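In: Model the structure of this input:
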Amino acid sequence: MDDMAGPTAPLERASTLAARAYVDVEILAQEQQQIFRRHWQFACHESQLDRVGSSLFVDIAGVRVVLVRTGDGISALEAVCRHRAGPLEASRSGGHDFFRCRYHGWSYDLAGKLMAATEMQGCEDFDPSSVELPRIESAVVDGLVFVRRSVGPVEFAALTAGITDRLALAGHRLSRLQHHATVSYEIDCNWKTYVDNFLEGYHVPLVHPSLNAILDYRSYRTELAPWYSLQSSPLDSEPTAYGSGEALYYFLYPATMLNILPDRLQTNRVIPLAPERCRVVFDFFYPAEWSSAERSAKFASDSDFSERVQQEDIGICVDVQRNLASGSYVSGRFNPKREQGLHHFQRLWLGDIALSDVTRIRPLRSG
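Out: Numbers count the residues shown, from 1 in each chain. Have a look, this model is predicted:
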């Protein structure tokens, strides 16, 4: 591939990923192994694990993972029983928290060690003390908990470098927030179609008229870091809506989005389900010092607005995905002024996908 072949070229000369990258089952399998297993992904907020023994189950890279707070902090385990891959659930008995398999009842302590294997007395060469759930890496920044299933190309400190300082400069302290609600959507588009859409404000005036009314599109800017991008805009709306200040939209590669507004945080986790289907999980957070009634009232108005914007995004992403699969489109060009974040994401994606696969999805040469 020459330097005009795709996103590896400089932005002004680059072309986008070819349509095949958004529809091919083999590429999705490569992504699960090379990207989603090896990179950090947002899992939850510390407030969702509010006491020793509390736990939370999330899907990470195709595997159910349990986050648990112990006396030593927050840890993460693969929540798959070592007997016959049954699903685990949180249980409590006699004042003790543990995990039990819903299939055959095997139970594990909070560290993932097997506590009891029901009716296994006749099994030879079986040592229960040697059985434990796989532990995976976890890390926390400003109250946000991230995990990764295997060693990858970037350490957590490098992934998030500069974010805490930037948030402090804007007066945001995410650790003071508390989880309020979760909303999820299953969308008929490739996970990258959804990410591409998030990463540019180019579509906002046409697709999101109500959002465009409170953002300053002329001042909308994108900043790039090695492993994340930040879109920001001055915010001007009624106090009963988002208020005034600055809207910060972080994207942390490969699939974490942080929408940060005055006194609130919305997180998005994008989970691939099939080549042309993904799940997007939204979590809403508000200041812990607010009363339950205050948080509920703010969520009611925020969720109405968020739902409108989300349905607009879903509609355009589904239409784009249909066209990507149609055979009509191969590849296009980036808008250098508005699509820096999109170009940045696609370059990182190409860095993770084997060259042998990249050459098979050669985009259309243009120019």
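In: Dig out what Ala139 forms beta bridges with.
Out: Phe146 (DSSP bridges).
In: didn't it look like it was pressed against Phe146?
Out: Yes: between Ala139 and Phe146 there is a contact at 5.3 Å, judged by C-beta atoms under 8 Å. Where you see a C-beta, it was placed from the backbone N, CA and C, and this is true even at glycine.
In: shared neighbours of those two, which are they?
Out: 40, 156 (C-beta atoms under 8 Å, 6 or more residues apart in numbering).
In: Name the residue in those two with the higher neighbour count.
Out: Phe146 (22 against 18; other C-beta atoms under 10 Å).
In: Would you check that Ser54 makes contact with Val68?
Out: Yes: counting by C-beta under 8 Å, Val68 is a contact partner of Ser54 at 7.3 Å.
In: neighbour-wise, which of the two wins?
Out: Between Ser54 and Val68, counted using other C-beta under 10 Å, the more crowded position is Val68 (25 against 16).
In: and the helix or strand containing Arg92, what's its mean pLDDT?
Out: Assigning secondary structure by DSSP states H and E places Arg92 in strand 88-93. In this model, strand 88-93 has a mean pLDDT of 96.
In: Quick check: next helix or strand after it?
Out: For strand 88-93, the following helix or strand on the C-terminal side (DSSP H and E) is strand 96-101.
In: So what's the gap between that following strand and the chain middle?
Out: 27 Å (C-alpha atoms, centre = their mean, to the nearest Å).
In: same thing with stretch 245-260?
Out: 10 Å.
In: Can I get that stretch in PDB? Just the C-alpha atoms.
Out: Provided in PDB are the C-alpha atoms of stretch 245-260 (Å, rounded to 0.1, in the frame of the first residue of the first chain):
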ATOM      1  CA  GLY A 245     -19.600  26.200  30.400                       C
ATOM      2  CA  GLU A 246     -17.700  23.800  28.200                       C
ATOM      3  CA  ALA A 247     -18.700  20.500  26.700                       C
ATOM      4  CA  LEU A 248     -15.900  17.900  26.600                       C
ATOM      5  CA  TYR A 249     -16.300  14.800  24.500                       C
ATOM      6  CA  TYR A 250     -13.400  12.300  25.100                       C
ATOM      7  CA  PHE A 251     -12.800   9.200  23.100                       C
ATOM      8  CA  LEU A 252     -10.400   6.700  24.500                       C
ATOM      9  CA  TYR A 253      -9.300   4.100  22.000                       C
ATOM     10  CA  PRO A 254     -10.700   1.700  21.200                       C
ATOM     11  CA  ALA A 255     -14.400   2.100  22.300                       C
ATOM     12  CA  THR A 256     -14.800   4.400  25.400                       C
ATOM     13  CA  MET A 257     -16.600   7.700  25.200                       C
ATOM     14  CA  LEU A 258     -16.800  10.300  28.100                       C
ATOM     15  CA  ASN A 259     -19.400  13.100  27.600                       C
ATOM     16  CA  ILE A 260     -18.500  15.600  30.300                       C
END
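In: Ile65: what's it in contact with?
Out: No, residue 65 isn't Ile; it's Val. Taking C-beta under 8 Å, 6+ apart, one finds 43, 57-59, 76-79, 136, 147, 149 in contact with Val65.
In: Can I have the buried ones of those residues as a PyMOL selection?
Out: To isolate the buried members of these in PyMOL, using 16 or more other C-beta atoms under 10 Å:
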select buried, resi 43+57+58+59+76+77+78+79+136+147+149
